[in-house]
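Engineer: I would like to see how this sequence folds:
(one chain, ligands or ions: 1)
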Amino acid sequence: MDFQPSPTSQQWLHRLQAFSDRWLLPHNAAWHRHARAGEIAPFMPSLRELARDEGLWNLCLPWLAPHEPGTPLSNLDYAPLAEAMGRLHWSAEVFNCHAPDSGTMELLHRHADAAQREAWLAPLLAGEIRSAFAMSEPDVASSDPTNLQTTVRRDGDALLLHGRKWFVTGAAHPDCRLLVVVCRNAGEPVEADAHAAHSLVLVPIATPGVHVVRNIAVMQHLAPEGHCELRLDGVRVPASNLLAAWGAGFALAQVRLAPGRIHHCMRTIGQCELALELACDRALERRSFGRVLAEQANVQDWIAQSRVEIDQARLLVLHAAWSLDQPQPPERLRADISAIKLVAGRLQTQVLDRAIQVFGAMGLSPDTPLAWLWTWGRALRLLDGPDEVHLRAVARHEFSRVRARGGASAAWFTTPEQMAAAPRLR
Ligand SMILES: Cc1cc2nc3c(=O)[nH]c(=O)nc-3n(C[C@H](O)[C@H](O)[C@H](O)COP(=O)(O)OP(=O)(O)OC[C@H]3O[C@@H](n4cnc5c(N)ncnc54)[C@H](O)[C@@H]3O)c2cc1C
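Structural biologist: A predicted model of the protein is given here:
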C-alpha cells in the first residue's frame with residue numbers, strides 16, 4: 001500500500017498551491033468583506049479566467065473528454081487538491097470545482113441527452129453559468145426523498161410544475177440559469193413504487209412561475225450565492241426538459257450526491273487542518289497564568305486529539321475516493337460515502353470547537369475563519385442527508401454483509417451450549 005499521492009496528484013497540487021498563494025490569498029480579506037455585505041466578490045470572474053488558463057479547472061471530473069475544458073483527475077488524485085481548496089473555502093469556485101455545480105455536471109454528463117448537454121453541460125463546464133439542485137421542501141421531511149411533494153404533470157408536449165423548495169444552494173447567484181428540480185409524478189397511484197415516483201426536470205430559472213422567495217441565513221451567515229426558498233407556481237417547460245426517464249428521479253439524485261458528498265469531505269479535511277494550525281499558533285503565543293496556552297495539559301490534549309482525528313478521517317476519505325475510482329457494487333460505495341460524510345461533519349464541529357476555545361472570544365468573532373467553519377461543519381451534518389440517515393445506510397450495509405456470509409461461525413462461542421444455540425442466518 002503506497003500512502004504517497006501519485007506524481008500526477010503531487011504535480012497538480014503544487015501548481016494549485018502556488019496559484020492560491022499568488023492570486024487567491026491576497027484577496028481573502030476582501031472576499032470576506034464582500035460576503036459579509038451579501039455581495040458576490042467582483043474579482044471572481046478574472047480569477048476564474050486565470051485558473052482556467054492554467055489548466056486548474058474542472059479538476060474534479062474524472063470523465064472529462066479531451067475537447068472539454070480542464071484537467072481530469074481521478075477521485076484519488078483530486079483528493080489532496082480538494083483538501084488544499086478547503087483551506088480557502090471560496091477557492092473551489094475559482095477552479096470550477098464547487099458545489100452544487102460539480103454534482104450537476106456529473107448528473108448531466110451521465111444522463112442528459114445531446115440537446116440537454118449542449119444547452120446546460122457545455123456552459124457549466126466552461127464556467128459561463130451556474131446551477132442549483134432543488135430537492136428539499138419545507139413541508140415534508142426531506143431526508144426521506146420519497147416524501148417530496150412538488151409535482152410534475154405531463155400536459156401535451158409540456159411539463160407543468162407546482163410546489164415549494166428550500167435551502168436551494170446557489171439559486172441567488174446572478175449567473176444561476178438552471179434549476180434541477182426533483183418532482184413527484186402527478187396522477188400516479190400512491191401505492192406505486194415509492195422509489196419510482198419522482199422525476200428530475202431541468203428548469204431555466206427565468207421561467208415564468210419560478211419565484212425566489214428569500215435567501216435563508218445559516219446561523220446568521222448569509223451566503224451571497226444563496227440557500228434559497230423557491231416557489232414554483234405553474235412552471236411550464238417543454239417535455240424535452242425531463243432528465244432521463246420518467247420516474248428515475250430518486251436513482252438519479254443518488255448519482256448526483258455521491259461525488260458531491262466526497263468533495264465536501266475532502267475540503268473538510270483542509271478546513272480542519274487550517275483550524276488546527278491556527279489553534280497551534282495561538283496556543284504558542286497567548287500567555288495566561290504565567291505560561292503560554294501550549295503548556296496547559298488540556299490544550300495539548302485538544303491539539304493531539306484533533307491531529308489524530310484529522311489523520312483518521314483523511315485515510316477514510318482517501319479510501320472512499322479510491323473506491324469511487326474502482327468498479328464497485330453500488331451498495332458498497334454508498335456505505336463508504338455515508339461513512340465519510342458522517343465522520344467529516346462530526347470531525348469539523350469537534351476540531352473547530354476546540355480551536356474556538358483556544359482562541360477565546362476572538363474565535364467567535366468574524367476576525368478569524370473559525371466561526372464560519374464551525375457553522376459549515378454543523379450544516380454538513382444535515383445537508384446532503386443528516387447523520388442519522390447515513391448511520392442507517394452504514395448499518396444496513398453491515399447487516400447485509402453479515403447475512404451474505406451466513407453470520408459468524410458458531411465456533412466463536414465458548415461453550416458447547418452456545419455453539420449449538422448460535423443464530424443461523426442462512
Ligand atoms: C447549508 C445547507 C445547504 C443545503 N443545500 C441544499 C440544496 O442545495 N438543495 C437541497 O435540495 N437541499 C439542500 N439542503 C437541505 C438538506 O439537504 C436537508 O436539510 C436535509 O436533507 C434534511 O432534510 P430536512 O431538513 O427536511 O430534515 P428532516 O427530514 O425533517 O429530518 C430532521 C431530523 O430527523 C432525523 N431523521 C430523519 N430521518 C431519520 C432516520 N432515518 N433515522 C433517524 N433519524 C432520522 C434526523 O435527526 C434529522 O436531522 C441544504 C441544507 C443546508 C443546511
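Engineer: ok, which stretches of the stretch 251-400 of the chain are helices?
Structural biologist: Residue ranges of the helices in the stretch 251-400 of the chain, as given by DSSP state H, counting those that start in this stretch, are 297-325, 330-359, 370-380, 387-404.
Engineer: turn those into CSV, including mean pLDDT, distance to L107 and mean neighbour count.
Structural biologist: In this view, the C-beta of every residue, glycine as well, is placed from N, C-alpha and C. Rendered in CSV, the data for these read as follows (pLDDT from 0 to 100; distance: least, CB to CB, whole Å; neighbours: other CB atoms under 10 Å):
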stretch, mean pLDDT, distance to L107, mean neighbour count
helix 297-325, 96, 15, 17
helix 330-359, 94, 16, 22
helix 370-380, 96, 21, 22
helix 387-404, 93, 20, 14
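Engineer: got CSV for those helices, with distance to R286 too?
Structural biologist: Compiled in CSV, those are given as follows (distance: least, CB to CB, whole Å):
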stretch, distance to R286
helix 297-325, 10
helix 330-359, 8
helix 370-380, 14
helix 387-404, 33
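Engineer: mind putting these into CSV with distance to the ligand?
Structural biologist: Supplementary listing: those in CSV, determined by distance: least, CB to the nearest ligand atom, whole Å:
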stretch, distance to the ligand
helix 297-325, 19
helix 330-359, 11
helix 370-380, 4
helix 387-404, 3
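Engineer: tell me which parts of the stretch 51-200 of the chain are close to the ligand?
Structural biologist: 100, 133-136, 141-143, 167-169 (CB under 6 Å from any ligand atom).
Engineer: I'd like the mean pLDDT over stretch 160-176, please.
Structural biologist: Model confidence over stretch 160-176 averages 98 on the pLDDT scale.
Engineer: and it, C-alpha only, in CSV?
Structural biologist: The C-alpha coordinates for stretch 160-176 follow below in CSV (Å, rounded to 0.1, in the frame of the first residue of the first chain):
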residue,chain,number,x,y,z
LEU,A,160,-46.2,21.6,-15.5
LEU,A,161,-44.6,22.0,-12.1
HIS,A,162,-46.1,23.2,-8.8
GLY,A,163,-44.6,23.2,-5.3
ARG,A,164,-42.2,24.7,-2.8
LYS,A,165,-38.5,24.1,-2.3
TRP,A,166,-36.0,25.5,0.2
PHE,A,167,-32.3,25.6,1.1
VAL,A,168,-31.5,25.6,-2.7
THR,A,169,-27.8,26.4,-2.7
GLY,A,170,-26.7,28.7,-5.5
ALA,A,171,-30.1,30.0,-6.6
ALA,A,172,-29.4,33.6,-5.7
HIS,A,173,-26.2,33.7,-7.7
PRO,A,174,-26.6,36.2,-10.6
ASP,A,175,-25.1,33.6,-13.0
CYS,A,176,-27.6,30.8,-11.9
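Engineer: name the residues of that stretch that come out as buried.
Structural biologist: By 16 or more other CB atoms under 10 Å, the buried positions in stretch 160-176 come out as 160-173, 175-176.
Engineer: which of those residues fall in strands?
Structural biologist: 160-169, 176 (DSSP state E).
Engineer: want to throw those residues into TSV with distance to V292?
Structural biologist: Output for those, formatted as TSV (distance: CB to CB, whole Å):
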residue	distance to V292
L160	66
L161	60
H162	61
G163	57
R164	53
K165	50
W166	46
F167	42
V168	46
T169	41
C176	48
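Engineer: just flag the most distant two among these.
Structural biologist: Greatest spatial distance in these: L160 and T169, 25.2 Å, computed using CB to CB.
Engineer: where do the strands sit along the stretch 151-300 of the chain?
Structural biologist: 151-155, 158-169, 176-185, 198-204, 210-215, 227-238, 242-243, 287-288, 291-292 (DSSP state E, counting those that start in this stretch).
Engineer: adding distance to L276, write those out as a markdown table.
Structural biologist: Listed next are those as a markdown table, based on distance: least, CB to CB, whole Å:
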| stretch | distance to L276 |
| --- | --- |
| strand 151-155 | 47 |
| strand 158-169 | 27 |
| strand 176-185 | 34 |
| strand 198-204 | 40 |
| strand 210-215 | 32 |
| strand 227-238 | 27 |
| strand 242-243 | 41 |
| strand 287-288 | 20 |
| strand 291-292 | 17 |
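Engineer: how about E229, what does it touch?
Structural biologist: E229 sits next to 138, 164-168, 212-214, 216 when contact means CB atoms under 8 Å, 6 or more residues apart in numbering.
Engineer: how is this structure divided into domains?
Structural biologist: Per automatic domain parsing, the domain ranges recorded for the chain read 7-98, 130-243, 251-404.
Engineer: for L121, find the nearest of those domains.
Structural biologist: Per CB to CB, nearest to L121 of these: domain 7-98, 8.7 Å.
Engineer: correct me if wrong: A196 contacts G247.
Structural biologist: Yes: between A196 and G247 there is a contact under CB atoms under 8 Å: 4.2 Å.
Engineer: between these two, what contacts are shared?
Structural biologist: Contact with both A196 and G247 is made by no residue, according to CB under 8 Å, 6+ apart.
Engineer: isn't T150 right up against N185?
Structural biologist: No: T150 is not in contact with N185 according to CB under 8 Å; the separation is 10.9 Å.
Engineer: what about these two, which has more around it?
Structural biologist: T150 (25 against 17; other CB atoms under 10 Å).
Engineer: please name the bridge partners of the closest residue to the more buried one other than its chain neighbours.
Structural biologist: Closest residue to T150 in three dimensions, ignoring its sequence neighbours and counting by CB to CB, 6 or more residues apart in numbering: G163, at 2.6 Å. With DSSP bridges as the criterion, the beta-bridge partners of G163 are L232.
Engineer: what sits against G163?
Structural biologist: Taking CB under 8 Å, 6+ apart as the contact definition, G163 lies against 137, 149-151, 183, 231-232.
Engineer: just give me the closest of these to I129.
Structural biologist: I129 has its nearest neighbour among the contacts of G163 in L232, at 19.7 Å by CB to CB.
Engineer: any idea how far that closest one is from L200?
Structural biologist: According to CB to CB, to the nearest Å, L232 stands 14 Å off from L200.
Engineer: where do the contact lists of these two overlap?
Structural biologist: Contact criterion CB under 8 Å, 6+ apart; residues bridging L232 and L200 by contacting each: V181.
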